[in-house]
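>>> sequence-free structure coming up:
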């Protein structure tokens with residue numbers, strides 16, 4: 001990265017976060033070690049595909065010699081926010097944010113200073129929904145030296161006072177926001193952990209609705225029998241529609257990965273992912289990314305044969321598929337005590353994602369080694385082709401052309417208003433039939449392909465209207481409908 005080498009006199013630097021507003025226009029942040037052995041926070045911009053020189057941020061505040069940018073978020077080209085921490089001249093850790101406005105980074109400013117009586121605060125995550133409208137979240141220590149989670153809002157370019165979240169749950173005196181995601185101004189979700197009154201670690205989420213933060217709520221608590229859970233990542237494609245991912249400890253004291261969906265403002269139950277892969281009892285979701293409502297990707301690591309391995313799992317049209325190992329990494333983990341860990345995933349469109357992580361020696365707490373990235377890959381399940389429906393008096397039959405690489409199909413009967421009915425069939429063939437239908441009701445069918453990574457977008461079909469020609473004593477007329485019949489004493493001379 002241009003400029004970083006000249007700053008990094010201590011030969012110890014790291015990029016902690018990166019955010020791109022458009023192709024070739026990004027910002028990165030992290031830390032480097034200067035010639036005095038102090039860690040300094042930095043940011044760097046990519047402009048029209050060219051990385052510019054790295055520059056220090058919060059250096060004048062960092063009199064204690066330890067600072068880092070933990071998270072970056074860009075709402076448009078040249079308009080970003082970075083957040084992290086520095087150590088002041090009293091040796092206290094302080095949380096900070098710094099804004100980039102029209103391509104120029106401004107001075108860093110402290111956040112949560114009004115709350116940080118215990119002298120240990122940091123911004124863990126930032127998210128910007130538009131220029132000048134962002135949220136920074138993390139943790140601080142209060143005057144009683146209890147750890148608390150916080151959020152701070154930037155509104156129209158002005159940072160507001162930080163406020164505590166999950167305080168209603170944090171009976172054990174330790175809490176932190178790990179991730180925040182904003183779908184629009186004033187509509188965000190944050191996730192992390194707290195200690196309950198029994199000093200067990202529980203996962204939580206908290207929503208901001210129309211600019212007001214709501215009370216935090218537990219997720220995965222019924223699964224977390226072993227007492228150690230956290231939300232590691234949150235992604236919200238629209239207001240009130242989010243996914244949270246993390247880990248919990250089950251009743252066998254195994255770490256299990258989970259996802260939890262928020263649909264139209266209501267958080268559902270957590271569900272385990274990667275359970276069949278996680279034979280070693282050490283799994284977690286580290287990152288989630290949603291391209292639209294009900295279409296997301298979650299990734300992390302699981303334990304097998306005493307090693308950590310990377311996995312991903314796809315949500316398609318609101319249904320989570322089965323987790324699978326990340327392709328191509330097995331050739332990099334052939335040595336003794338070798339493993340991999342997926343740390344980040346990003347999906348710009350439905351079914352197309354990129355992921356990155358680390359591969360190398362498995363050590364306590366994770367993997368230490370070389371970084372890896374997997375370029376944009378399609379995770380979308382191919383839908384059925386040429387779906388057609390044929391109607392009889394009391395039945396409907398659908399046929400289609402097979403999709404490549406799928407395990408089967410799900411057929412759902414549609415009513416005359418186009419709404420799905422309770423009649424659902426699964427098949428491994430390329431047809432399905434529904435019997436016992438009302439002859440006066442219009443029906444259609446919706447077919448989705450099923451694969452290990454989820455299901456395809458459903459394809460619907462409706463039978464062509466039926467027609468009969470009725471004749472009696474020189475009279476002749478045609479009836480068209482769902483399944484038309486001629487009146488009594490009339491003869492049917494043609495139909496389709």
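Sure, I can see it. Fair warning: this is a prediction, and the values are worked out from it, not measured in the lab.
>>> domains for the protein, by residue range?
4-376, 385-461, 466-495 (automatic domain parsing).
>>> now render the ones you listed as CSV, adding mean pLDDT and mean neighbour count.
Using the backbone N, CA and C atoms, a C-beta is placed for each residue, glycine as well. CSV is the format used below for the domains of the chain (pLDDT from 0 to 100; neighbours: other C-beta atoms under 10 Å):
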stretch, mean pLDDT, mean neighbour count
domain 4-376, 90, 20
domain 385-461, 83, 16
domain 466-495, 78, 13
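>>> and residue 28, how far from residue 341?
In this structure, residue 28 and residue 341 are 21 Å apart, going by C-beta to C-beta, to the nearest Å.
>>> just residue 467 next, same as before
63 Å.
>>> in the stretch 1-150 of the chain, which spans are strands?
Listed in chain order, the strands of the stretch 1-150 of the chain (DSSP state E, counting those that start in this stretch) span 13-22, 25-33, 39-47, 50-51, 55-57, 68-76, 79-87, 93-101, 104-105, 109-111, 122-130, 133-141, 147-155.
>>> also the stretch 301-450 of the chain?
Counting by DSSP E, counting those that start in this stretch, the strands of the stretch 301-450 of the chain are 307-316, 319-320, 324-325, 338-349, 352-363, 366-378, 385-391, 396-401, 408-414, 420-427, 431-434, 444-451.
>>> between strand 408-414 and the last one, find me the angle.
Our comparison of strand 444-451 with strand 408-414, counting by axes from the mean of the first three to the mean of the last three C-alpha atoms, to 10 degrees, yields an angle of 160 degrees.
>>> in terms of secondary structure, what does strand 444-451 contact?
strand 385-391, strand 396-401, strand 408-414, strand 431-434, strand 459-461 (3 or more C-beta pairs under 8 Å, 6 or more residues apart in numbering; DSSP states H and E).
>>> who touches that strand?
Contacts with strand 444-451, where a contact means C-beta atoms under 8 Å, 6 or more residues apart in numbering, come from 317, 321, 381-384, 387, 389, 396, 398, 400, 403, 405-414, 418, 420, 426, 432, 434, 455-463.
>>> try it again at 7 Å.
Residues outside strand 444-451 that contact it (C-beta atoms under 7 Å, 6 or more residues apart in numbering) are 321, 381-384, 387, 389, 396, 398, 400, 403, 405-414, 420, 455-456, 458-462.
>>> give me the beta-bridge partners of the nearest residue to residue 293 once chain neighbours are set aside?
Nearest non-adjacent residue to residue 293, counting by C-beta to C-beta, 6 or more residues apart in numbering: residue 241, 4.6 Å away. With DSSP bridges as the criterion, residue 241 is bridged to residue 238.
>>> what sits against residue 241?
262, 263, 264, 293.
>>> can you lay out these as JSON lines showing distance to residue 274 and secondary structure?
Listed next are the contacts of residue 241 as JSON lines, based on distance: C-beta to C-beta, whole Å; DSSP: H, G, I helix; E, B strand; the rest coil:
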{"residue": "262", "distance to residue 274": "21", "secondary structure": "strand"}
{"residue": "263", "distance to residue 274": "22", "secondary structure": "strand"}
{"residue": "264", "distance to residue 274": "27", "secondary structure": "coil"}
{"residue": "293", "distance to residue 274": "23", "secondary structure": "coil"}
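>>> any chance of those residues in JSON lines, with distance to residue 236 too?
Shown next, in JSON lines, are the contacts of residue 241 (distance: C-beta to C-beta, whole Å):
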{"residue": "262", "distance to residue 236": "8"}
{"residue": "263", "distance to residue 236": "12"}
{"residue": "264", "distance to residue 236": "12"}
{"residue": "293", "distance to residue 236": "10"}
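>>> which of the residues you listed sits closest to residue 53?
residue 293 (39.8 Å; C-beta to C-beta).
>>> I'd say the closest one and residue 239 touch.
No - counting by C-beta atoms under 7 Å, residue 293 stays clear of residue 239, with 10.2 Å between them.
>>> returning to what we had before: tell me which of the strands of the stretch 301-450 of the chain lies nearest to residue 228.
It's strand 366-378; of the strands of the stretch 301-450 of the chain, that one is closest to residue 228 (C-beta to C-beta) at 15.8 Å.
>>> excluding residues flanking it in the chain, which one is nearest residue 282?
residue 303 (3.4 Å).
>>> helix or strand: which one has residue 177?
strand 175-184 (DSSP states H and E).
>>> show me what that strand is in contact with.
124-125, 127-129, 135, 137-139, 147-149, 151, 165-166, 188-194, 230-239, 242.
>>> for the nearest residue to residue 195 once chain neighbours are set aside, give me its contacts.
The shortest distance from residue 195 to any non-neighbouring residue, by C-beta to C-beta, 6+ apart, is to residue 172 (2.6 Å). For residue 172, the contacting residues are 195, 196, 197, 199, by C-beta under 7 Å, 6+ apart.
>>> run the last query once more with 10 Å
By C-beta atoms under 10 Å, 6 or more residues apart in numbering, the residues touching residue 172 are 146, 147, 194, 195, 196, 197, 198, 199, 200, 201, 202.
>>> on that earlier part again, need the overlap of contacts for residue 293 and residue 239.
183, 264.
>>> dig out what the closest residue to residue 326 other than its chain neighbours forms beta bridges with.
Distances taken as C-beta to C-beta, 6+ apart place residue 310 nearest to residue 326, at 4.1 Å, with adjacent residues excluded. For residue 310, the beta-bridge partners under DSSP bridges are residue 301.
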